[in-house]
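>>> Provided below for reference: sequence and predicted model.
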Amino acid sequence: MDTRLRVDDVWKSWDGVPVLRGIELSVASHQVVALIGASGSGKSTLLRCVNGLVSVDAGSIWLDESLDVTHEKTNLDDVRRRVGIVFQSFNLFPHMSVLANVTLGPRKVLGRSRDEARDAALRLLDRFGLVDKANGYPDQLSGGQQQRVAIVRALAMEPELMLFDEITSALDPMLVGEVLDSVAELKATGMTIVMATHEMSFAREVADRVCFLSAGQIIEQGTAEQVLTDPQERLTREFLARFLR
Amino acid sequence: MSADVAYVDPARAHSRKRKSRRDVLIGLGSLAVFVLLVGVVVSRLPGWPVVQETFFNLDEFVSSFPQLLSAFWLNIRIFIVAEVFILIVGMVVALARTLQAPIWLPIRVVATIYTDVFRGVPTILVILLLGFGIPALDLQGVPNSEVLWGTVALVLSYGAYVAEVFRAGLASVHPSQRMASRSLGLSSWQTNRHILLPQAVRNVVPPLLNDFISLQKDTALVSILGPIEILRRAQIDTSMSFNYTPYVAAAVIFIALTIPMSRFADWLQARTQKQRRAAATV
């Protein structure tokens, strides 16, 4: 299996406070990796380093073993074209219709024609049960619908890797299910996914591998079954005990 | 009664309606009494006839009004031309101040100095400086029209204010919008163009209208250079009759234009707030 993403000894600090301390992570094509850990453990920062929103202090991050995201000469727009990210707070563009949100990237970045981008967007929206919302605006949608549109918006760029940054944390519990279903659907198509999440049962269901982060380090990783039901490290056990209580 | 239909007790609906009708009547009645009282008191003041003769002389009003109105046409033209250029200058300067790359430092510095200087200097001073100063240079190929230089001065002065309004508008768009846009691979310029500016402009329409109401009045400042716009016209009429009614008439004309614009600005502001509240509840 080829390696889609390799994070090699990455360090990052904010104003002298270390956030990532020597992260090593390797993700194969079509793999789904879940990052778990308390708030502030570095999950979000790690994801943002992968698509170049945050620049690392040391180490390197490789896409397909060929493009180093952290290299000074790397064009980050190229990286972001290949790596999709969905945020906790949706961040849809409120002044644009759902369709315009989804087609903006393909039209302006990939150079697709209006019709081409529109047809592709409608197909994607249809797949995620949102086609009847195509002409609606973000503020007319529920949180779950907005987050699904955000997923579709990232997918429309045909990324080779998707990053999910706690995408259900801002949602009403009633709406979490529909968003998780979308992620499961995405896994079924073979998408490579790295997701920071607090949904342990979902991680167990879809993740091929679970990594537990604490204070900027990966303390433990393995199959979902191993890490979530039979953790070897004290910190992992303590975290899960607090979570599953 | 099916539960998915809004249900209001008919008796309660009736009493609410009666109460709101009563509130309107009380308001109007109280206003009428107030106006009547003020009218009676003012008209009985010992000085009132003189005041009326000097400021509210109907004959003077009627005779000066048509000329004032046609002179006002010049103010409107100055206003419209200035407004278009102010929007352009304001937008360009606001965007210039957002340029981050080190190579653009000179442009950023120039834009910053421009806003600092022209917000600090009184508009009338800029008008005098350009309107009398530039023709005095007697440069070849440079027009001497006082209306032109008066308008340029208004553009420079108001452009600085409007640039700051646009800048505040850009700052009012949440940083996560830029992050989301850049994450899609859009460049900094594309992000400005498609994501930040449209939202910024929407946010600043009410304060912009406020500046334009102010600009409407300040077109009268150009009168100091000599062109016969409405204020100069009123001044001429007044000096011929020693009656100040033409000034009042000019004021009425200004108000007739600014009041609809003020109400429009209020309406827009209320609508924007309503939209924000609606968006915030999702």
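Arrived safely, thanks for sending.
>>> next one: stretch B:230-238 to chain centre, how far?
The chain centroid and the centroid of stretch B:230-238 are separated by 23 Å, computed with CA atoms, centre = their mean, to the nearest Å.
>>> before we move on, what about stretch A:203-210?
On the basis of CA atoms, centre = their mean, stretch A:203-210 is displaced by 14 Å from the centre of the chain it belongs to.
>>> Can you get me the start-to-end distance on that stretch?
Distance between the boundary residues of stretch A:203-210 (CA to CA, to the nearest Å) amounts to 7 Å.
>>> So which bits of that stretch are buried?
Of all the residues in stretch A:203-210, those buried under the rule 16 or more other CB atoms under 10 Å in any protein chain shown are A:203-204, A:206-207, A:209-210. Bear in mind the C-beta positions are built from the backbone N, C-alpha and C, glycine included.
>>> in what helix or strand does residue B:82 lie?
According to DSSP states H and E, residue B:82 maps onto helix B:58-96.
>>> Hmm, residue B:132 is touching residue B:225, no?
Yes. Residue B:132 lies in contact with residue B:225 (CB atoms under 8 Å); the separation is 7.1 Å.
>>> what's residue A:5 in contact with, if anything?
Taking CB atoms under 8 Å, 6 or more residues apart in numbering or on different chains as the criterion, residue A:5 is in contact with A:25-27, A:50, A:61-63, A:161, A:192, A:194.
>>> Pull up the residues of chain B that are close to chain A.
Counting by CB under 8 Å from any CB of the partner chain, the residues of chain B lying close to chain A are B:176-177, B:179-187, B:190, B:194-195, B:198-199, B:202, B:275, B:278-279, B:282.
>>> let's see it at 7 Å
By CB under 7 Å from any CB of the partner chain, the residues of chain B that approach chain A are B:176-177, B:179-180, B:182-187, B:190, B:194-195, B:198-199, B:202, B:278-279, B:282.
>>> Mind giving me the PyMOL command for buried ones among those?
Selection of buried members from these for PyMOL, criterion 16+ other CB under 10 Å:
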select buried, chain B and resi 177+180+182+183+184+185+186+190+194+195+198+199
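>>> So which of the residues of chain B next to chain A are in strands?
Residues of the residues of chain B next to chain A located in strands (DSSP state E): none.
>>> Among the residues of chain B next to chain A, which lie within helices?
Secondary structure assignment by DSSP state H places B:176-177, B:179-180, B:182-183, B:190, B:198-199, B:202, B:278-279 of those in helices.
>>> would JSON lines of those residues with pLDDT be doable?
As requested, those are arranged in JSON lines below (pLDDT from 0 to 100):
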{"residue": "B:176", "pLDDT": "93"}
{"residue": "B:177", "pLDDT": "95"}
{"residue": "B:179", "pLDDT": "94"}
{"residue": "B:180", "pLDDT": "95"}
{"residue": "B:182", "pLDDT": "95"}
{"residue": "B:183", "pLDDT": "95"}
{"residue": "B:190", "pLDDT": "92"}
{"residue": "B:198", "pLDDT": "91"}
{"residue": "B:199", "pLDDT": "92"}
{"residue": "B:202", "pLDDT": "86"}
{"residue": "B:278", "pLDDT": "61"}
{"residue": "B:279", "pLDDT": "56"}
